[in-house]
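Asker: Pasted the sequence and its predicted model underneath.
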Amino acid sequence: MAKLKIVTGVNNPILRAMSKPVKKFDASFKRFIKDMKDAMIRESGLGIAAPQVGSNIRAFIIVLDYNKKSEKILPMVNPEILARSEEMEEGEEGCLSIPGKFAKVMRHKEITVEFFDLDEVRQVLNLRGLNARVVQHENDHIDGILFIDRLAKDAVIEDVKNKKVI
């Protein structure tokens, strides 16, 4: 088991790059996904994208139905958001790549996402609420976007580590 290091920093070129599609679903790729999952669990994240561990490929892992009996961890490869609701909702977000910082972000309340699972089978999910938020957040990562880029100009960023508002 490789211990992947979380890439941090709002100006980090890896986090700001557009990721390339995954072409090979081989054993090496599947091991990488397993290592990503281990890193996400180790850091108590609800999602992690490949750029956050130094690889600019279009893959991420999310926790669906967090804190419910139906909770499961789901890898998404080459995802594409097909539809977004007009209805938006505000929710607090943080990021493993911007440790200790949290802010309220507006996201689409519902989305439809198409992706491939690790067996290269095409999947389509309709998601709402926190599930939709996590997918949108992680999908932004593979497009070189961080949650702080989505903040309103008057947004408040909370620094949990130093217990202050920025």
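Answerer: Alright, I've got the coordinates.
Asker: Okay, the spatially most central residue of the chain and G47: tell me how far apart.
Answerer: Closest to where the C-alpha atoms of the chain average out (CA atoms, centre = their mean) is E138, at 2.1 Å. Using CB to CB, to the nearest Å, we find E138 at a distance of 4 Å from G47. (Each C-beta comes from the backbone N, C-alpha and C, glycine too.)
Asker: picking that back up, just the element for the residue nearest to the centre of the chain, please.
Answerer: helix 129-142 (DSSP states H and E).
Asker: and what of D119?
Answerer: Assigned by DSSP H and E, D119 falls within no helix or strand.
Asker: Also the one 4 residues further on?
Answerer: For Q123, the host element (DSSP H and E) is strand 122-128.
Asker: Sheet-wise, list the partners of that strand with their directions.
Answerer: The pairing partners recorded for strand 122-128 under DSSP bridges are strand 110-116 (antiparallel).
Asker: residue boundaries of the helices in this structure?
Answerer: Using DSSP state H, the helices of the chain run over 27-42, 129-142.
Asker: how about the longest one: buried residues?
Answerer: Buried residues in helix 27-42, counted by 16 or more other CB atoms under 10 Å: 29, 32-33, 36-37, 39-40.
Asker: average model confidence for the strand holding Q123?
Answerer: When pLDDT is averaged along strand 122-128, the result is 98.
Asker: before we move on, what about stretch 38-45?
Answerer: Rounded mean pLDDT across stretch 38-45 is 96.
Asker: Stretch 10-21 now?
Answerer: 97.
Asker: mind listing what's buried in the longest strand along the chain?
Answerer: Ranked by residue count under DSSP state E, the longest strand found in the chain is strand 72-84. Across strand 72-84, burial judged by 16+ other CB under 10 Å covers 74-79, 81, 84.
Asker: Repeat that for stretch 86-102.
Answerer: For stretch 86-102, by 16+ other CB under 10 Å, it's 89, 93-98, 101-102.
Asker: to the chain's geometric centre, what's the distance from that stretch?
Answerer: 10 Å (CA atoms, centre = their mean, to the nearest Å).
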